[in-house]
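K.L.:
Can you look at this prediction? I've put the sequence above it.
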Amino acid sequence: MNSRSIASFCFLFIFCSSAIFAQGYEAGYFPPLSPVYALGFAAGGPGAASEAVSGATASATAAPDIDAASGATPPPPSAGFLGFRDEVAFHKFAGWTSGGLLLTAGLVGAIRAYALMNDGHAYRDAMGIDDESEIGSLCSAEIGGLWGASGGQTLRWVHVGILAAGESLYLADAVTGLGFMGPLPPGYSRSKVHRYLFFAHAGLIVAEAALGLLTTDALASGNHELARGLGIAHACLGLAIPILILGGGAVMELQ
């Protein structure tokens, strides 16, 4: 993995993560130990981060008032859900963040694919191969070698790691979302669009995982044509999934 690939990955990761986390930060979706705490610290110093966290939790930590007439103490506020204000806040956090992570994973995968293509085409040109129909066993061996090179494998596992984090949050988001499901009103509604988008990106995620495994196998075996076709399909789904996830969240935020 060359320095250009590393720089591109770092820029894209920071850009996409900060853009997605900003949505939850503004609305107070994040618990004190979430990654956005660090972003708040960087943006406005320790005061901004502490204020954002304390503001979200002040109502839960304030001392309960005592009724002057009866002397009774009102019931304590809700304990929240997994450190969040409530289950809806967690659902929003998981949705926005999983969408951002999946988008970042896709961008890392695109950088990885671009590096493989550049190195593979450089080898093809050095061998004097002008027609793709002339690609033979030598090129297949080179493709497999490039795929298994240690530098490229670093990017591959970064891609897999971010993908695993995003899909884990996505699963948690789906589980909480299923708990909110009920009969939909007739006609158009934001809830109906949100639900149909969920069914769409859930199905695409399953297809994307299968395509990823098939693409990996094609690259490892050096099958140029199969790897190219699967790679294009894999990239298209990888871009569509976070767009649908983030679009579904945006629909629900519209007033």
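P.N.:
All right, it came through fine. Numbers count the residues shown, from 1 in each chain.

K.L.:
Give me the below-cutoff pLDDT ranges for this protein.
P.N.:
1-79, 130-136, 255 (pLDDT under 70).

K.L.:
Just the helices from it, written as ranges.
P.N.:
3-27, 35-61, 87-126, 137-148, 150-180, 190-221, 224-253 (DSSP state H).

K.L.:
buried stuff in the last one?
P.N.:
Using 16 or more other CB atoms under 10 Å as the burial criterion, the residues of helix 224-253 that qualify are 224, 227-228, 230-231, 234-235, 237-238, 241-242, 244-246, 248-249. C-beta here means a position set from N, CA and C on the backbone, and glycine is covered the same way.

K.L.:
repeat for the third one
P.N.:
Of the residues in helix 87-126, those with enough neighbours to count as buried (16+ other CB under 10 Å) are 89-113, 115-116, 119-120, 123-124.

K.L.:
what would the helices of the chain look like in a markdown table with distance to residue 81?
P.N.:
Shown next, in a markdown table, are the helices of the chain (distance: least, CB to CB, whole Å):
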| stretch | distance to residue 81 |
| --- | --- |
| helix 3-27 | 15 |
| helix 35-61 | 12 |
| helix 87-126 | 4 |
| helix 137-148 | 43 |
| helix 150-180 | 8 |
| helix 190-221 | 20 |
| helix 224-253 | 18 |
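
K.L.:
Tell me which of those helices sits nearest to residue 80.
P.N.:
Closest of these to residue 80 is helix 35-61, at 6.7 Å (criterion: CB to CB).

K.L.:
burial of residue 171, as a residue count?
P.N.:
A count of neighbours around residue 171, defined by other CB atoms under 10 Å, yields 14.

K.L.:
going forward can the numbers begin at 30, since that is how I track them
P.N.:
Understood, numbering begins at 30; the last thing we discussed is residue 200.

K.L.:
roughly how far apart are it and residue 123?
P.N.:
Note on residue 200: its distance to residue 123, by CB to CB, to the nearest Å, is 9 Å.
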